[in-house]
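>>> my questions concern the predicted model and sequence given below.
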Amino acid sequence: MAKAIWNDVVLAESETYETVEGNIYFPQASLNRDHFTDSEKTSGCPWKGTAHYYSLQVNGAENKDAAWYYPDPKSAAENIRGHVAFWAGVQVSA
């Protein structure tokens, strides 16, 4: 079971996930959507494609751009389509 926790709240929890470059990618369906807002931030990876971001809102605190996903990954990263990863202080365990 993989979990992502920030500010004492479980943001995602799943028995199935993908691991890429040491990051755990959670299925979109496993997210606790109450705590996610779309961000305008994007970044590029030469082999995964363009990442888009979510900011987190938990107990009145914001963690800007703390989750990312690839809505249209390149073929080498097709396994993370529909998955989300975390950073910026989010505790992820599997």
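Cool, the structure landed. Residues are numbered from 1 along each chain as shown.

>>> residue farthest from the centroid of the chain?
Gly60 (20.0 Å; C-alpha atoms, centre = their mean).

>>> give me the phi and psi for that residue.
With angles defined as degrees, to the nearest 10, Gly60 sits at phi 80, psi 0.

>>> next one: Trp47
Per degrees, to the nearest 10, the backbone of Trp47 is at phi -110, psi -10.

>>> excluding chain neighbours, what is closest to it?
In space, and not counting its chain neighbours, Trp47 is closest to Ala76: 4.9 Å by C-beta to C-beta, 6 or more residues apart in numbering. C-beta coordinates here come from the backbone N, C-alpha and C atoms, glycine included.

>>> can you classify that neighbour by secondary structure?
Classification of Ala76 by DSSP: H, G, I helix; E, B strand; the rest coil places it in helix.

>>> use 44 as the first number from now on
Will do, 44 is the new start, and the previous item becomes Ala119.

>>> now do it, the pLDDT please.
Listed pLDDT for Ala119 reads 96.

>>> and for the one 5 residues further on?
The pLDDT attached to Arg124 in the predicted structure is 98.

>>> neighbours around it, how many?
Counted with other C-beta atoms under 10 Å, residues neighbouring Arg124 total 15.

>>> what's the separation between it and Glu83?
Look at Arg124 and Glu83: by C-beta to C-beta, to the nearest Å, they are 21 Å apart.

>>> quick one, what contacts the nearest residue to Ser136 once chain neighbours are set aside?
Among residues not flanking Ser136 along the chain, Lys46 sits closest, at 5.6 Å (C-beta to C-beta, 6+ apart). Residues in contact with Lys46 (C-beta atoms under 8 Å, 6 or more residues apart in numbering) are Val53, Ala55, Glu56, Gln134, Val135, Ser136, Ala137.
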